[in-house]
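Student: Here is my input, please return the structure:
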Amino acid sequence: MVITKHKIVLLVVVMLFSSGVMAQKKNNKKKDKAKQEEKSEPVEDVIMMEVVEEVAPDRGDYSSSSTAPIEFLDNIRFNNKYEISSSINDDYDWFSERYANNNSKKYGIVNKKGDVILLPLFSRDYYTSSGNYIIMNLENTYGLFNLTTLQWGIPMEYEYIRSLNNNLYIAKKNGKYGVVDNNNNTILNFEWQDIERLSDLDNYVMISDFSYPQRLMGIYSLIDKKFTVPCAYSSLSTVDGQNYFRAQLGSTYNIVDINNAPRFKKWYDDLTIPSRSGGYYIVKVDNKFGVIDDSEKQIVPINMLEIGRYPYSDGSYLARNKEGKYGFILLDGRITLPFQYDNLIKERNNNVISIQNGKCGLVQVNVGTPQEIVTCNYDDIKSTSKIFIVEKNKQFGLLNEYGRTLTEIEYQSLEVLNSGSRDTQIIKAKKDNSYLLLNELGKPISTTKYTDISVVVNKNTSYYGIQISYLKALDKNKKYSLVDKVGQAITKPIFDDITLETQNILTVKSKDKYGLYYILDQKLVVDYEYDQIVFTKNNYIGFKGNKIELLQVRSGVVTKLTGNK
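Tutor: Numbers count the residues shown, from 1 in each chain. Below you'll find the model as predicted:
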């Protein structure tokens, strides 16, 4: 039977009973022993109690630990069902069932002798501690246990508890946040939408109220018991070592200190505070950008059409001046790349595609000061993960990431077949109306010329793109052969099509019928007899009209598992 959330009170009573027994055990040892000798039957060390309740239907899956009877334990020292999970301090450890599922495992507390202090009923994910005070979570209900007194400093009645400092805790009850101490005394009333800890300001918290339609935020002093920054801001974020805050007031921005004094006289339409800014700030006014310093002096006049939010490694920002030209600039106003480009487009491999007078080039960034490595004399440049395809007068060639020429501009088309792969890139090149394969250095890897070349999709997927093991190449007789990634033909041109490859099994087509071909044995293992073949999980499904057959292929051997007529 299940223990639902409504039975948490019963569980708390059980836990208090268990911990109380252990706290008094030493004092009552002689008395208990005398009572046991008077009884005619021995008392077992382990008592089993089953909590019974109707099972609610459709409530999801329950772990074994939530449906099993509660097991009262005195000591786990010689009980192989349980194990020490980790140490809490010099006196206490976490323990749990030895073979329980890790996703649903429950934890309790024992002393170094193995005496049970708290039964294993708690979720481990949420354990945090401050000295001898341990936050405990049972079915998303929280409390604070004191390992010094072995008592509950904060009872199990909260929806959330997190440590604020040595003796204060942010807690949630009835959907609202407040602050309590380790003896459950209310320090800040439960009336807030959210409370956040400020890591370098122990006795201040960031508070969000229930303003509608947008919550408002402020800073509260737990010592002075008042707001030092009122709940008047749409957003607050810490800057400058937590003593200052980027504040949004309506649709304008400024920086305020802990006492709500604004740093700048003007409130800006946007305010970017760069990391390691050196006292410089990117601001926006009337859709124009500029840079100011701490004294609000304009370092870069507020007439730029654009300034990027993030710098490159040398501190340069991509920007567009009032004439609409692109270049790079430092926050102190120094220009690191002249404003002469019609556009600068960030690409991979620390390169930016530059456009000037309708022509394309390359600018290298993140390797010292931005510099032009390819002048703007190409009609187009396309980026891949490792190389660039360039176009000039409707002919194509390759450049590497440093802008060096890999091939002449002599191809009718170039296409990287595995553009998202970390493997060596394979380039499909068209020249003299036929296709060949190039590697990422621009060198031919196939001597045969084909009518077309395309990818044979592998059913396995990869984070970096489609996984490719083989290619299919079409000859002048419109027959496909299988080609590997180094350009070598694996089969003769005998297929009308190759639609799929899975573990060296090809799904192939001939005369509008499908079969299976085993690459390692170079033979057809399922004849061309199906209208279609679909791969699912580890098997193939063959369709013949309304007849379905399940085909299992292992090491080139085919077994028909099921079928229907």
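
Student: Now do residue 510 against residue 448, distance only.
Tutor: Per Cβ to Cβ, to the nearest Å, residue 510 is found 21 Å from residue 448. For glycine as for every other residue, the C-beta is placed from the backbone atoms N, C-alpha and C.

Student: in this protein, what secondary structure element scores lowest on mean pLDDT?
Tutor: Sorting the helices and strands of the chain by mean pLDDT, DSSP states H and E puts strand 47-49 at the bottom, at a mean of 37.

Student: where are the low-confidence patches of this structure?
Tutor: 1-69, 125-130, 241-242, 277, 419-422, 460-467, 562-565 (pLDDT under 70).

Student: in it, which spans are helices?
Tutor: Counting by DSSP state H, one finds helices in the chain at the ranges 8-24, 29-38, 64-67.

Student: Endpoints of stretch 378-385, how far apart?
Tutor: 20 Å (Cα to Cα, to the nearest Å).

Student: Buried residues in it, which are they?
Tutor: The neighbour-count check on stretch 378-385 (16 or more other Cβ atoms under 10 Å) flags 378, 381, 382, 383, 384, 385 as buried.

Student: again with stretch 283-300
Tutor: Within stretch 283-300, judged by 16+ other Cβ under 10 Å, the buried ones are 283, 284, 288, 289, 290, 291, 292, 300.

Student: what bridges to the residue nearest to residue 269 when sequence neighbours are not counted?
Tutor: If the residues on either side of it in the chain are set aside, residue 269 comes closest to residue 284, at 4.5 Å by Cβ to Cβ, 6 or more residues apart in numbering. Assessed by DSSP bridges, residue 284 has beta-bridge partners residue 270, residue 289.

Student: Would you agree residue 284 is in contact with residue 268?
Tutor: Yes - under the criterion of Cβ atoms under 8 Å, residue 284 makes contact with residue 268 at 6.1 Å.

Student: can you tell me how far the residue nearest to residue 531 when sequence neighbours are not counted sits from residue 537?
Tutor: In space, and not counting its chain neighbours, residue 531 is closest to residue 543: 5.0 Å by Cβ to Cβ, 6+ apart. Residue 543 sits 17 Å away from residue 537, going by Cβ to Cβ.

Student: Neighbour count: the two, which is higher?
Tutor: Set residue 543 next to residue 537 and count neighbours by other Cβ atoms under 10 Å: residue 543 wins out with 14 against 6.

Student: Report how many residues lie close to residue 509.
Tutor: Residue 509 has 19 nearby residues by other Cβ under 10 Å.

Student: Torsion angles phi and psi at the nearest residue to residue 296 once chain neighbours are set aside?
Tutor: What sits nearest to residue 296 in space, not counting adjacent residues and going by Cβ to Cβ, 6+ apart, is residue 264, at 5.1 Å. Residue 264 adopts backbone torsions of phi -110, psi 150, taken as degrees, to the nearest 10.

Student: So what's the residue count around residue 264?
Tutor: Quick note: residue 264 (other Cβ under 10 Å) scores 17 neighbours.

Student: ok, residue 476 - how many residues close by?
Tutor: Other residues near residue 476 come to 10 when the count uses other Cβ under 10 Å.

Student: Also the one 10 residues further on?
Tutor: Residue 486 sits with 11 neighbouring residues when counted by other Cβ under 10 Å.

Student: Can you report how many residues lie near the residue lying closest to it once chain neighbours are set aside?
Tutor: Excluding its sequence neighbours, the residue lying closest to residue 486 (Cβ to Cβ, 6+ apart) is residue 445, at 5.7 Å. For residue 445, the count of nearby residues is 18 (other Cβ under 10 Å).

Student: got it, and residue 244?
Tutor: For residue 244, the neighbour count with other Cβ under 10 Å is 17.

Student: right, and it touches residue 256 too?
Tutor: Yes - the pair residue 244 / residue 256 is scored as a contact, 7.0 Å apart, by Cβ under 8 Å.

Student: Next, show the common contact partners of the two.
Tutor: residue 263 (Cβ atoms under 8 Å, 6 or more residues apart in numbering).

Student: burial count for residue 440?
Tutor: Neighbour number of residue 440 under other Cβ under 10 Å is 19.

Student: Sorry, wrong one. I was asking about residue 214.
Tutor: The burial count for residue 214: 10, using other Cβ under 10 Å.

Student: For it, give me its contacts.
Tutor: Residue 214 is in contact with residue 234, counting by Cβ under 8 Å, 6+ apart.

Student: Please tell me how far the residue nearest to residue 486 sits from residue 227.
Tutor: On the measure of Cβ to Cβ, residue 445 and residue 227 end up 70 Å apart.

Student: cool, and residue 248?
Tutor: Distance from residue 248 to residue 227, by Cβ to Cβ: 17 Å.

Student: Looking at those two, which is more packed in?
Tutor: The neighbour comparison of residue 248 against residue 227 (other Cβ under 10 Å) goes to residue 248, with 19 against 14.

Student: so that one makes contact with residue 234?
Tutor: Yes - using Cβ under 8 Å, residue 248 is in contact with residue 234, at 4.4 Å.

Student: which residues does residue 282 contact?
Tutor: Applying Cβ under 8 Å, 6+ apart, the residues near residue 282 are 270, 271, 272, 274, 289, 290, 291, 307, 309, 317, 331.

Student: Not counting sequence-adjacent ones, nearest residue to it?
Tutor: residue 272 (3.9 Å).

Student: Count residues in the vicinity of that neighbour, would you?
Tutor: 20.

Student: which ones are touching it?
Tutor: Contact analysis of residue 272 by Cβ under 8 Å, 6+ apart lists 281, 282, 283, 309.

Student: can you put the buried residues of stretch 283-300 in JSON lines and add distance to residue 520?
Tutor: As requested, these are exported to JSON lines (distance: Cβ to Cβ, whole Å):
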{"residue": "283", "distance to residue 520": "66"}
{"residue": "284", "distance to residue 520": "63"}
{"residue": "288", "distance to residue 520": "67"}
{"residue": "289", "distance to residue 520": "62"}
{"residue": "290", "distance to residue 520": "67"}
{"residue": "291", "distance to residue 520": "64"}
{"residue": "292", "distance to residue 520": "69"}
{"residue": "300", "distance to residue 520": "65"}
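
Student: quick one: which of the contacts of residue 282 is nearest residue 185?
Tutor: Set against residue 185, the nearest of the contacts of residue 282 by Cβ to Cβ is residue 271 (39.8 Å).

Student: tell me which residues of stretch 493-511 are tucked away?
Tutor: Quick answer for stretch 493-511 (16+ other Cβ under 10 Å): 493, 495, 498-503, 505-509.

Student: and that stretch, how far apart are its ends?
Tutor: By Cα to Cα, one end of stretch 493-511 lies 14 Å from the other end.
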